[in-house]
Structure formats: C-alpha cells, structure tokens
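> show me the folded form of this:
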Amino acid sequence: MDPGVDKIVSSIISEAQENANKIVSEAEKKAESIIKDGERRAAIEKEKILENARKQARMQYHQLISEAKMKARRAELEAREEVITEAFKRAEEELQKITSSKDERYIQSLKNIIKEAATEIGGGELVVHVKEDDKEKIRDLDSIAEDVKSATGKDTILELGEAIQTIGGAIVKTKDGRIEVNNTIEARLSRFEKFLRSEVAKILFD
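Predicted structure coming up:
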C-alpha cells in the first residue's frame with residue numbers, strides 16, 4: 001500500500017477508535033448515572049414501602065390492642081353481670097324463705113309496706129291483696145288503717161281482697177280499682193333494681 005494511503009487509513013482508524021472510545025466512555029458514564037439514579041429511586045421506594053409497612057404494623061398493633069381491651073372489658077362486664085344476677089337470685093330465694101316463715105321482721109315489714117301503699121294512695125276505703133299465706137299475718141288491718149289515717153288525715157278502712165301470686169308484699173287498691181300501688185317484693189325489686197345493682201356491685205367489686 002502506498003505510504004500516503006496507509007497513513008490516511010491509519011489516521012481514519014485512529015480517529016474512529018478515538019470516537020468509539022469516546023462513545024463507549026459516554027455510554028458507560030450514562031449507564032452509571034442511570035444505575036445510580038435507579039438505585040436512588042429504588043432506595044426511596046424501598047423506604048416508602050418500609051414506612052408504609054411500619055404504619056400498617058402500628059395500626060394493626062393498636063387495633064389488636066384495642067380489640068383485646070374491648071374483649072377483656074366485655075368479658076369482665078359479663079362476669080360481673082353474672083355474679084350480680086346470681087346474687088339477686090340468691091337474695092330472692094332468701095326472701096322467699098323469710099316470707100314463707102312467720103318471721104316477725106317480715107310481718108312488720110309487710111304491715112309497713114301496706115301502710116306505705118295506703119298512705120301513698122291517700123287513705124280512704126282500700127282493698128289489700130297479699131298472698132294466701134300472708135293473710136293471717138295481717139289480721140289487725142284496723143291498726144294499720146289508724147296509722148294511715150294519722151298520716152293522711154283521712155278516715156281509712158282496709159279490707160282483704162283476693163290472694164295474689166307473689167313472693168311477698170302487697171298490692172293496695174282503691175275500692176273502684178282506679179288507683180293501685182304495687183308494693184310486692186317483685187315490684188319493689190324491679191323499681192329499685194338499678195340502685196340495688198349499683199349497691200350490690202359496690203359490695204361485690206369495690
């Protein structure tokens with residue numbers, strides 16, 4: 001080959017090689033930049049995912065704790081309710097025993113209950129209903145009527161009516177039946193149930 005041509009060819013090859021090297025170098029730099037940018041983006045995305053996972057974990061933790069506390073509270077309330085209900089049941093059984101006996105305390109309570117009901121009505125001609133077994137315990141209705149008269153200032157006559165089904169206590173009505181005061185033990189327990197439950201709860205759990 002002609003030396004001049006050879007020199008030109010060498011120069012072209014050299015220039016081409018230089019351009020190729022330059023292109024490769026730029027490509028490598030660009031690739032490196034892309035990789036770094038990708039790594040940076042991946043790191044940011046990874047941190048976002050981790051932070052989101054942490055938030056989810058915290059939310060689930062608090063939710064589980066909250067649910068566990070609610071379940072524990074519900075179980076405690078149910079257990080308390082069960083104990084209170086059992087206490088009421090036993091109290092009712094005990095009252096039934098007392099009212100079925102000739103216990104003087106019950107007889108006096110029965111008289112007081114009748115007086116209280118008759119006084120609440122305001123006296124007058126009234127009918128007293130008690131259970132069959134209690135009729136003989138209140139034969140002195142006249143003395144109760146005198147107490148009612150003293151309390152209301154109104155002449156009062158008390159007479160026994162038909163027997164009722166009850167643990168104890170009495171229902172007192174006006175003769176025409178228009179006014180009635182239910183002072184049976186069941187009715188009184190029902191009226192005072194909220195207060196009694198609160199008191200029983202204090203005794204049992206405080």
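
> pLDDT of stretch 77-92, averaged?
For stretch 77-92, mean pLDDT rounds to 87.

> what does stretch 138-157 give?
Averaging pLDDT along stretch 138-157 yields 94.

> one more: stretch 174-188?
Per-region confidence: stretch 174-188 scores 94 on mean pLDDT.

> in that stretch, which residues are buried?
Buried residues in stretch 174-188, counted by 16 or more other Cβ atoms under 10 Å: 174, 181, 182, 183, 184, 185, 188. (C-beta placed from N, C-alpha, C; glycine too.)

> redo the residues you listed as CSV? Include secondary structure.
Listed next are these as CSV, based on DSSP: H, G, I helix; E, B strand; the rest coil:
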residue, secondary structure
174, strand
181, strand
182, strand
183, strand
184, strand
185, helix
188, helix
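
> what's stretch 125-145 in contact with?
Residues from elsewhere that reach stretch 125-145, judged by Cβ atoms under 8 Å, 6 or more residues apart in numbering: 99-100, 102, 106-107, 110-111, 114-115, 118, 156-175, 177.

> span of that stretch from start to end?
From the first residue to the last, stretch 125-145 extends over 10 Å; the measure is Cα to Cα, to the nearest Å.

> what's the answer for stretch 146-163, then?
Using Cα to Cα, the end-to-end distance of stretch 146-163 comes to 23 Å.

> also stretch 166-179?
Taking Cα to Cα, stretch 166-179 runs 20 Å from one end to the other.

> so how far is that stretch off the chain centroid?
Here the centre of mass of C-alpha atoms in stretch 166-179, compared against the chain's by Cα atoms, centre = their mean, to the nearest Å, lies 37 Å away.

> show me the domain layout of this protein.
For the chain, whose domains are defined here by the TED database, the residue ranges read 1-100, 103-205.

> identify, out of those domains, the most deeply packed stretch.
The highest mean neighbour count among these, using mean count of other Cβ atoms under 10 Å, belongs to domain 103-205: a mean of 16.

> so which of the contacts of stretch 125-145 are in helices?
Here DSSP state H is the test, and these give 99, 100, 106, 107, 110, 111, 114, 115, 118 as lying in helices.

> got a list of what the last one touches?
Spelled out, that is residue 118. Applying Cβ under 8 Å, 6+ apart, the residues near residue 118 are 126, 128, 144, 145, 148, 156, 158, 172, 181.

> closest one of the buried residues of stretch 174-188 to residue 8?
When those are compared for distance to residue 8 (Cβ to Cβ), residue 188 wins out at 125.7 Å.

> one step back: now the contacts of residue 118 in JSON lines, with distance to residue 202?
Formatted as JSON lines, the entries for these read as follows, by distance: Cβ to Cβ, whole Å:
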{"residue": "126", "distance to residue 202": "37"}
{"residue": "128", "distance to residue 202": "35"}
{"residue": "144", "distance to residue 202": "34"}
{"residue": "145", "distance to residue 202": "39"}
{"residue": "148", "distance to residue 202": "35"}
{"residue": "156", "distance to residue 202": "39"}
{"residue": "158", "distance to residue 202": "38"}
{"residue": "172", "distance to residue 202": "32"}
{"residue": "181", "distance to residue 202": "29"}
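
> and these, which is closest to residue 9?
Using Cβ to Cβ, residue 181 comes nearest to residue 9 of the contacts of residue 118, at 129.9 Å.
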